[in-house]
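Novice: following is a predicted model, sequence given first.
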Amino acid sequence: MKREELATPAAKAKQNVLVAMRRAACLLCMALLVVHGIVGLGSCANMGTPDGGWYDDTPPYVVRSTPQDQSTNIRAHKVTIYFNEYIKLSDAQNKVIVSPPQLEMPDIKEGGKRIVVDLKDSLKDNTTYTIDFGDAISDNNEDNPMGNYTFSFSTGDHIDTLEVSGYVLDASNLEPIKDVMVGLHRDLSDSVFTRQPMIRISRTDSRGHFTIKGVAPGTYRAYALKDADGDYLYNQRSEMVAFNHTTFEPSWKPDTRQDTIWRDSLHINNIVLTPYTHFLPDDITLMAFTAKATDRYLLKTERKQPNRLDFYFSNGADSLPTLRGLNFDEKGAFVVEHSLKRDTVFFWLKDTALVNQDTLHIEARYLITDTAGVLYSHVDTLEMASKVPYAKRLKEQEKEMEKWLKEQEKKKKRGEHYDSVMPAKQLSVKLSSTNIAPDQRVTLTSETPLRRLTADMVHLYSKVDSLWYTKPLELVSRQGNLHTYDVLAEWEPGGEYSLEVDSAVISDIYGTASPAIKQGLKVGTNDTYGTIAMTIAGVRDTGLVVQLVNNNEGVVKQTRLTKGSNTAYFFYLKPGTFYMRAYIDANGNNEWDTGDYDLLQQPERVYYYPKPLEVKQKWDLKLSWSVEALSPYEQKPAAIVKQKPEQQKKLRNRNAERARQKGIEYIEGKTGVKLK
């Protein structure tokens, strides 16, 4: 029909008739599809109604397979599954789980309307095999997810259909662990996990949740493993692992759940009770950890700074390394600094002549472990070269001198006071804070190791009625840390203080002295803080360490419950949102300790208060907490969980909006959109 013909009344009437006929044909087509139980309405869309056809929101489904699903007495290694439409398989390597586990990876291919799974391992007798595709299958055109799909067959005369499920959490912080392998053993001996592969497996999702299918009746123990070498057993201490001594017997019971039928995206049409098979146990909880490294070896050495030799070890030892100079005299040459665990050791060069020597040849003697894990003394010859050569540092100093001379020359021309001799470099000493809480420490820190400080070198004055009075203090050095001193004093709420140090009193190991320090300190008043008093129940063990943490789980304050006490107090808290966790410090070392499978030792138990704590000024928050009231996977507040649950693939059901536009009432059912 030509464009000009459309303008006539006859042409318009003809066009309206065509549109009405197309709509009627589409409605008739949809009615026929519903009668025959066919969900897909896409064929009607092909008729091209002017206001749009129906979307294909129907997931693919299996039409046949070789062998048939749930078949018994199968010996074939290849499974071919055919679908009603073209499909795609996403991330098969991670999402598709074959159980029992295959030591040789199966070959999984998709093409057109089929998926072919070729099992490379020999098949075990009288065993149920499951191929769990999860949500990996969707149609090729619209990406409609098929939903969780599992294919199974048996080499025996029956199919095992039981299931068990639960969660895997990081034992240190109750974070859900994604993509960790979970498996079962019927052998209940403690050593089986290091000798035999798991007999049935699954993998956790983004919530740390797992479901193991095709389980036979019997008694089992569950394990989790970040399998580094693909052998389905624990044989490396570096592998993350979880175990417990709890045994269980899989079972099931008939149950019902609520299913919501939506009229559209905003309105519920009905809520129905749907019967289903409830498999138990469904709350297995495995606390995963990585065992503490016991082997000691030298990771690396470096001379990042010209005045320091750095040694990094995989683990600590009671004795520190000793160095012998091969091209210099090592006697009295070093000041040694080390980390608390003694796995990092710094040798500071005291003599500037050695600092300016670009390469130092050293014989280092230190402890490492042999193949049996026993420490022995090892000798190594090292060449420690400065990353910044002396010549380059000298040029930088000359540039600084030239810059300073130019500044003095400008001052001279302007008639301002100037210097003819460049002043010696002064030591920079920093204070941690000037606005402090009554229970807070003030720290003095420098970049280089300090010579020993005593309390008489630092003066503290307190202001009372406009007059200043001397106040006692204590200087405390930190273990292994030569840079920092803590200033301890009784800070009065609302008090005003002055911390003063005379010029050249503080100096480092090179004799570089600090200028005079005079720093005012202000202590907040009681009205600016809040308090938390948490009464804790459910823990029989003594030595519970309770921590208050921020949004990033950094520890703000912590306290330890002593014997006979069940309330944790946190004073002088600034207004804000906090969270609370606790752990049982079984060995009393004031730090959380991991587990050890070789010793059958579980990690120290961690708990989280399930709600955020809002602290306000002049507000005392008094709460109670039963640490065992919730399962571990229910405890950690969602706001601080870093492993967020991924959005599950769902049918988009775009026909709901299309039906509304067409003025057609519909009901969303299990098979899609039905006209009413």
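Specialist: That came through, no problem. Just so we're clear, the structure is a prediction, and the values are computed from it rather than from any experiment.
Novice: going by C-alpha atoms from here, please, whenever you check contacts or count neighbours.
Specialist: Noted.
Novice: and the contacts of the helix or strand containing residue 353?
Specialist: Taking DSSP states H and E as the criterion, residue 353 maps to helix 352-355. By Cα atoms under 8 Å, 6 or more residues apart in numbering, the residues outside helix 352-355 that reach it are 306, 307, 328, 349, 510.
Novice: and those, which is closest to residue 379?
Specialist: residue 328 (17.9 Å; Cα to Cα).
Novice: okay, the closest one and residue 235: tell me how far apart.
Specialist: 46 Å (Cα to Cα, to the nearest Å).
Novice: which residue ranges form the helices in the stretch 451-600 of the chain?
Specialist: With DSSP state H, counting those that start in this stretch as the definition, the stretch 451-600 of the chain shows no helices.
Novice: for residue 273, list each beta-bridge partner.
Specialist: residue 258 (DSSP bridges).
Novice: for residue 407, phi and psi?
Specialist: In terms of degrees, to the nearest 10, the main-chain angles of residue 407 are phi -60, psi -40.
Novice: helix or strand right after the helix holding residue 353?
Specialist: Criterion used, DSSP H and E; the element after helix 352-355 is strand 359-369.
Novice: tell me which residues in the next helix or strand after that next one are buried?
Specialist: Using DSSP H and E, the helix or strand that follows strand 359-369 towards the C-terminus is strand 375-385. Across strand 375-385, burial judged by 16 or more other Cα atoms under 10 Å covers 375, 384, 385.
Novice: list just the nearest of those residues to residue 366.
Specialist: residue 375 (9.7 Å).
Novice: residue 364 is in contact with residue 382, correct?
Specialist: Yes - using Cα atoms under 8 Å, residue 382 makes contact with residue 364 at a distance of 7.2 Å.
Novice: low-confidence ranges in the stretch 501-650 of the chain?
Specialist: Scanning the stretch 501-650 of the chain for pLDDT under 70 picks out the ranges 541-542, 648-650.
Novice: where exactly do the helices run in the stretch 51-200 of the chain?
Specialist: According to DSSP H, counting those that start in this stretch, the helices that the stretch 51-200 of the chain contains are 92-95, 192-195.
Novice: the ones you listed: lowest mean pLDDT?
Specialist: Out of the helices of the stretch 51-200 of the chain, helix 92-95 stands lowest, with a mean of 86 (criterion: mean pLDDT).
Novice: mind giving me the packing neighbours of it?
Specialist: Contacts defined by 3 or more Cα pairs under 8 Å, 6 or more residues apart in numbering; DSSP states H and E place helix 92-95 against strand 128-134.
Novice: parallel or antiparallel, which strands does the strand it packs on pair with?
Specialist: Counting by DSSP bridges, strand 128-134 is paired with strand 97-99 (antiparallel), strand 149-154 (antiparallel).
Novice: so which residues make contact with it?
Specialist: Residues lying outside strand 128-134 but in contact with it, judged by Cα under 8 Å, 6+ apart, are 92, 95-100, 147-156, 158-160, 213-215.
Novice: now do stretch 80-87
Specialist: By Cα under 8 Å, 6+ apart, stretch 80-87 touches 60-67, 110-117, 137-141.
Novice: buried only: go through the residues you listed for me.
Specialist: Buried among the contacts of stretch 80-87 (16+ other Cα under 10 Å): 60-61, 65, 67, 110, 113-117, 137-140.
Novice: farthest pair in the residues you listed?
Specialist: Within the buried ones among the contacts of stretch 80-87, 67 and 140 form the most distant pair, 24.2 Å apart (Cα to Cα).
Novice: related to what we said a few turns ago, of the contacts of helix 352-355, just the buried ones, PyMOL syntax please.
Specialist: Here is the PyMOL command that picks out the buried ones among the contacts of helix 352-355, judged by 16+ other Cα under 10 Å:
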select buried, resi 306+307+349
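Novice: that'll do, ta.
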